[in-house]
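Enquirer: build me a model from this:
(chains A and B)
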Amino acid sequence: MSKYREFKQLNLPEIDHEILQFWEEDQVFQKSIDSKPADNTFVFYEGPPSANGLPGIHHVMSRTVKDIFCRFQTMKGKRVERKGGWDTHGLPIELSVEKELGITKEDIGIKISVDEYNAKCREVVMRYKDVWDNITKKMGYWVDLNQPYITFKNDYIESVWWLLGRLYEKGLLYKGYTIQPYSPAAGTGLSSHELNQPGCYRDVTDTTVVAQFKTIPTSLPAVLTGFGDVYILAWTTTPWTLPSNTALTVGPKIEYSLVKTFNQYTFEPINVILASALVTKTFSGKFVAVEDDTAFSTFKEGDKVPYMTVATLPGSDLLGIRYEQLLPLALPYQNPENAFRVIGGSFVTTEDGTGIVHTAPTFGADDARVAKEAVPEVPPMLVLDSKENPVPLVDLQGKFIQGLGDLSGKYVKNEYYADGQAPDKSVDVEIAIRLKEENKAFKVEKYVHNYPHCWRTDKPVLYYPMDSWFIKASAVKERMTELNKTINWKPASTGEGRFGKWLENLQDWNLSRSRYWGIPLPIWRTADAAEEICINSIEKLSEEITKANTKLGLDQQVPKDLHRPYIDSVVLVSSKGEPMKRELDLIDVWFDSGSMPYAQWHYPFENKEKIENRTAFPADFIAEGVDQTRGWFYTLHAIATMVFDNVAFKNVVSNGLVLDKNGVKMSKRLGNVVDPFLTIDTHGADATRWYMIGNAQPWDNLKFDVEGIEEVKRKFFGTLYNTYSFFALYANIDSFTFNEKEIAIEERPEIDQWIISLLNSLIKEVDQDFADYEPTAAVRKIQIFVDDHLSNWYVRLCRRRFWRGEYSDDKIAAYQTLFECLMTLSKLIAPVAPFFSDWMFRNLNQVASISEVSSVHLDNFPVADGQKINKDLEQRMEYAQRISSLVLSLRKKDNIRVRQPLQKILIPAVSEDFVNKVEMVADLIKAEVNVKEIELLADTTGIISKKAKANFKTLGKRLGGSMKAASQIIGNLSQAEIAGIERTGKFDLDIEGQIFELTSEDFEIVSEDIPGWQVANDREITVALDITITDGLLAEGMARELVNRIQNIRKNSDFEVTDRIIVSLEDHPALRPTIASFASYITSEVLADDLILIDQLKEGESVDLTEELALMIAVKKSN
RNA sequence: AGUCUCGUAGCUCAGCUGGUUAGAGCACUACACUGAUAAUGUAGGGGUCGGCGGUUCAAGUCCGCCCGAGACUACCA
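Expert: Sure thing, here's the model as predicted:
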């Protein structure tokens, strides 16, 4: 006959090892998938980590979240395939390679060939794969590591190309430009990463100009007419961009003023528009505010310049005003008629400048955006060069192009000239002087501000329009928003707020990256860009290569590796027989990861049905850090919407950050990084997982504190382990193996029915919580059940049933009940604590053979049996718990030990229902608090004093302002008045003469006191305790003290719990009544065959029986 | 700067659609319990619920503004 395993103490890491080994040997993960029907899937997508860095504790967090729901759904009968994946492209990988090789991006192709460089990336990218696989295993995260998808594989790239091809066919791919930081000196664009390097932002002194833009009178609103020439003031720190001005941007909600004054350089009378909030600031120094026109007529050079506000209007009224081009050196090649007008932009502030922004779409990101959003679109200042290509007024060297008069050929910043070559006057100064002379400069000043510099050359960067390929995401903005509304976000605010807002303000997706290690953009173009082709498969590439080989007489093949530089050398041919070359850009790596639903299956070249039958798409569930909202979550959503007009995922959990215990972000620099391996090896994976989930909701940030794991280990796993050990100890003694027929629940004692009822309530709630992606709620409820109800009430109160007496039905019921609780718990906790749960499941099942499967993870999630849920029963047990607690507190007040029996407690009968319920649990209470009788006191006796309280909910609405007074009156009602309410159910409340007719519903009546008794209250329950100790009670109390001392001796002597003993006691007069009445009680309690009183006992040990009485006790084994 | 989240006891967190005296665990103190014992019970101290204003008979809860922490996005004439 097999026994339940017993242990010396809880060792979670050892359990991890044991179960891990079992999983591997039995291929439990594989079985958990294969054993489920293929047509009942729960689709999960693994957001791929990059194996270029080491896993941190936050990965344990996010993977725990993923694992929980996948395991849960598996137990609910779903087939949950979990393909692992690796993100292998991207800037971090390139940078780590560059750091290692000691090179920079500029060296690629010079010091090191692109070929070698990419080989190095390929090598580095999987560097820590083993470490990752190891943590995955150790933390109990089930994911398929054997056939992961890898983003640099040709199959993956081919799928991505296919997706791009679909976008291309739909007209969603186009070439345009974005304003990017660019270093003319280095001849390269800079990433924001590079710009954020320390020391890049530096204070510089620039010549700034507040320029006067002369409005065209016919376009002015009525309020601004009749004053003469009206100028709009706009400030710039980069005067060299003024020739490229094509618009002025105002804040529609900002108030603007028209101010009458003189130009301080030309002394011509002018009227200028600027934000009202900036009038004082702008007209400081040489200016003076005046009230009327007289100052204007007498003004002469040398005086302070008078100014006066003559009109105000909101920015929205300025929209559409046209103005004369400030520096008419060139005109936009497209729609010049739409340039030089006032448009609106939400980014405009009144913090500095004039509240009106000079807008040059070719040199400012905001500028380009507002210009594009304006209706009609404001054209950027692009002109056609000799090859008819549109170019900005400044070339890639940072020089003005030809055809701009004096400016042509000059660098826009003096820093760009070679040493000693810079002219005295920078272009900025030159322009400022010219504007002054032409009555176009309102103010010219030096200004110190923060400006980014190139970290390579130390020279200021230029914001410059760079060619880029875009995905026209804005075209499907509405559809994305619509589809987003069908997604269940956890928390909802991320979906509606962060993600929703992001979709509303969606910009086109800049796909281009000028790097080397990534998926190449599969577009080939002729030199004049007249013809282009987008390659969407390797087969297509092969066809085109063959075609090109024939027409151009080449000998090319499809490269074995689709990366650069091999793919760059492929030349295709246009319909006219011209060569076509690949656009050199790589695509944004986010497109890689957003493509994973399809590319992981090499769709549509393989596994076509998986996507099209919707068995592997969309995902039922994904989870990742909240930082992925605009990363992975977005790219998944965008690609699915654009290509499949579908969501990519139905449920998404975005988890928060893992901070250190002080709430500080973990970083290597601060040395507060928690090592996940160390944590798991020391405390076990389950305690770590349980702590992370139980301590904070996944989407809140977690303040990670190892002490919290310790607490979880002690409180939760320790208690559960103790409960199991307790069960195992006695079940082994009684050879309980669940052989007997199950005893019908209604035939079991009240307390068994109660814990089973609670258990089923728990199943219901936990099942719901897991289904709702609320793991924290589930975990907390389980914890309360285990600690408070199962361990501290059920087991505590039932202990005797397990170790006393025959193997009766009552005992069997106790075993069956506790077994069921433990078995069910193993399943409920399985998603969160996969190791301990399986360990407990297997320990129980290997003896009882209740389940046919070998692992809890192959079993089904428990189903609540509504029949067994009895809310009445739960209610009365709650009464029992609360009453017991009150009695214990009363005992405490008088310092009466629980072992000392007392005669009686009095409880005022609150209601008939209450009386019935308490009577049903009276025995439990009596045993728990060691009291002989419970008297439920009907209030007719008149010895209970009561208190009435107002029911704010019912009265508040009716009484309104009189509520306070009412509550006071009701609180002071006399015993007679309260009795009246109880009798008649009515009461007329008089508040300052106004009568309100109240009913018993409007009151809460509580028994407050029983005069002359020790009384304790807990809400509606009141308990009084009779503390008289009679001789009989005293003798019985002493008997119990004796039992306790003898039990202690047994235990200290390391007797088996089943050993029978002989007890010798030192005789004492105080002891005699006890022995006379309770000798048989004592012997049966301590399993004694004999109890002997001896006058002068020499052997044994001296024991304090009470405070006054100490005596010798000897215990020996009986034969 | 914008968007979002968070702010309740020394620490970690509950607090449902507003309702009476704001709760739990940990930690601390005292006492008790003990055939589960690195557990448990009872009692105690500890709170201007980030601040200010508003709505309401009534605000931790709803609204506005501000402060602080964090994330993401954008970098500004």
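Enquirer: burial of the closest residue to RNA strand B within chain A, as a residue count?
Expert: Minimum separation of chain A from RNA strand B (Cβ to the nearest atom of the strand) falls at A:V1057, amounting to 1.7 Å. Heads up, the C-betas are built off the backbone N, CA and C, glycines and all. Counted with other Cβ atoms under 10 Å, residues neighbouring A:V1057 total 12.
Enquirer: quick check: phi and psi on A:D206?
Expert: Torsion angles at A:D206 (phi, psi; degrees, to the nearest 10) stand at phi -120, psi 150.
Enquirer: A:I19 reaches A:M840, doesn't it?
Expert: No: using Cβ atoms under 8 Å, A:I19 is not in contact with A:M840; the gap is 10.3 Å.
Enquirer: what parts of the stretch 401-550 of chain A come near RNA strand B?
Expert: A:H449, A:Y451, A:P452, A:Y463, A:P491, A:S493, A:T494, A:G497, A:R498, A:K501 (Cβ under 7 Å from any atom of the strand).
Enquirer: residue contacts, the residue lying closest to A:L382 once chain neighbours are set aside?
Expert: Using Cβ to Cβ, 6 or more residues apart in numbering and skipping the chain neighbours, the partner closest in space to A:L382 is A:P390 (4.1 Å). A:P390 makes contact with A:Y333, A:Q334, A:L382, A:V383, A:L384, according to Cβ atoms under 8 Å, 6 or more residues apart in numbering.
Enquirer: what does the stretch 1001-1119 of chain A put close to RNA strand B?
Expert: Selection of the stretch 1001-1119 of chain A residues close to RNA strand B by Cβ under 7 Å from any atom of the strand yields A:1004, A:1040, A:1044, A:1047-1048, A:1050-1051, A:1055-1059, A:1086-1087.
Enquirer: A helix includes A:T261, no?
Expert: No: in this structure, A:T261 is strand, not part of a helix, as judged by DSSP: H, G, I helix; E, B strand; the rest coil.
Enquirer: now do the strands in the stretch 101-250 of chain A.
Expert: Secondary structure of the stretch 101-250 of chain A (DSSP state E, counting those that start in this stretch): strands at A:144-150, A:173-183, A:188-189, A:201-214, A:230-236, A:247-250.
Enquirer: closest one to A:F29 among those strands?
Expert: strand A:144-150 (8.1 Å; Cβ to Cβ).
Enquirer: name the helices or strands packed onto the host helix or strand of A:A368?
Expert: Assigned by DSSP states H and E, A:A368 belongs to helix A:365-373. If you count contacts as 3 or more Cβ pairs under 8 Å, 6 or more residues apart in numbering; DSSP states H and E, helix A:365-373 packs onto strand A:173-183, strand A:247-250, strand A:341-344, strand A:356-359.
Enquirer: the ones you listed: which one's closest to A:E612?
Expert: Closest among these, using Cβ to Cβ: strand A:173-183, at 23.4 Å.
Enquirer: quick one: the closest one to helix A:365-373, angle?
Expert: Strand A:173-183 and helix A:365-373 are oriented at 150 degrees to each other (axes from the mean of the first three to the mean of the last three Cα atoms, to 10 degrees).
Enquirer: and strand A:173-183, which residues are buried?
Expert: Within strand A:173-183, the residues that count as buried by 16 or more other Cβ atoms under 10 Å are A:L173, A:K175, A:G176, A:Y177, A:T178, A:I179, A:Q180, A:P181, A:Y182, A:S183.
Enquirer: correct me, but the third one touches A:I471?
Expert: No: counting by Cβ under 8 Å, A:G176 stays clear of A:I471, with 10.9 Å between them.
Enquirer: how about stretch A:488-504, which residues are buried there?
Expert: Across stretch A:488-504, burial judged by 16+ other Cβ under 10 Å covers A:W489, A:K490, A:P491, A:T494, A:G495, A:R498, A:F499, A:G500, A:W502, A:L503.
Enquirer: span of it from start to end?
Expert: Terminal residues of stretch A:488-504 are spaced 18 Å apart (Cα to Cα, to the nearest Å).
Enquirer: what's in contact with that stretch?
Expert: Applying Cβ under 8 Å, 6+ apart, the contact partners of stretch A:488-504 are A:477, A:480-481, A:484, A:487, A:626, A:629-630, A:633-634, A:650-654, A:697-699, A:773-774.
Enquirer: what pLDDT, on average, does that stretch get?
Expert: For stretch A:488-504, mean pLDDT is 82.
Enquirer: and what of stretch A:1067-1086?
Expert: Computed over stretch A:1067-1086, the average pLDDT equals 85.
Enquirer: buried residues, it. List them.
Expert: For stretch A:1067-1086, a neighbour-count test (16+ other Cβ under 10 Å) marks A:H1068, A:L1071, A:P1073, A:T1074, A:I1075, A:F1078, A:I1082, A:T1083, A:E1085, A:V1086 as buried.
Enquirer: now those residues as JSON lines including secondary structure?
Expert: As requested, those are exported to JSON lines (three-state DSSP):
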{"residue": "A:H1068", "secondary structure": "coil"}
{"residue": "A:L1071", "secondary structure": "helix"}
{"residue": "A:P1073", "secondary structure": "helix"}
{"residue": "A:T1074", "secondary structure": "helix"}
{"residue": "A:I1075", "secondary structure": "helix"}
{"residue": "A:F1078", "secondary structure": "helix"}
{"residue": "A:I1082", "secondary structure": "helix"}
{"residue": "A:T1083", "secondary structure": "helix"}
{"residue": "A:E1085", "secondary structure": "helix"}
{"residue": "A:V1086", "secondary structure": "helix"}
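Enquirer: using CSV, write out every CA atom in the helix or strand that contains A:A814.
Expert: Assessed by DSSP H and E, A:A814 sits inside helix A:809-828. Presented in CSV, the C-alpha positions along helix A:809-828 are these (Å, rounded to 0.1, in the frame of the first residue of the first chain):
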residue,chain,number,x,y,z
ASP,A,809,-17.7,7.7,8.5
ASP,A,810,-17.1,11.1,10.2
LYS,A,811,-13.4,10.5,9.9
ILE,A,812,-13.7,9.4,6.3
ALA,A,813,-15.8,12.4,5.5
ALA,A,814,-13.1,14.6,7.0
TYR,A,815,-10.4,13.0,4.9
GLN,A,816,-12.5,13.2,1.7
THR,A,817,-13.3,16.8,2.3
LEU,A,818,-9.8,17.9,3.0
PHE,A,819,-8.5,15.8,0.1
GLU,A,820,-11.0,17.4,-2.2
CYS,A,821,-9.9,20.8,-1.1
LEU,A,822,-6.2,20.1,-1.6
MET,A,823,-6.8,18.4,-5.0
THR,A,824,-9.0,21.2,-6.2
LEU,A,825,-6.5,23.8,-5.0
SER,A,826,-3.7,22.1,-6.9
LYS,A,827,-5.7,22.8,-10.0
LEU,A,828,-6.7,26.3,-9.1
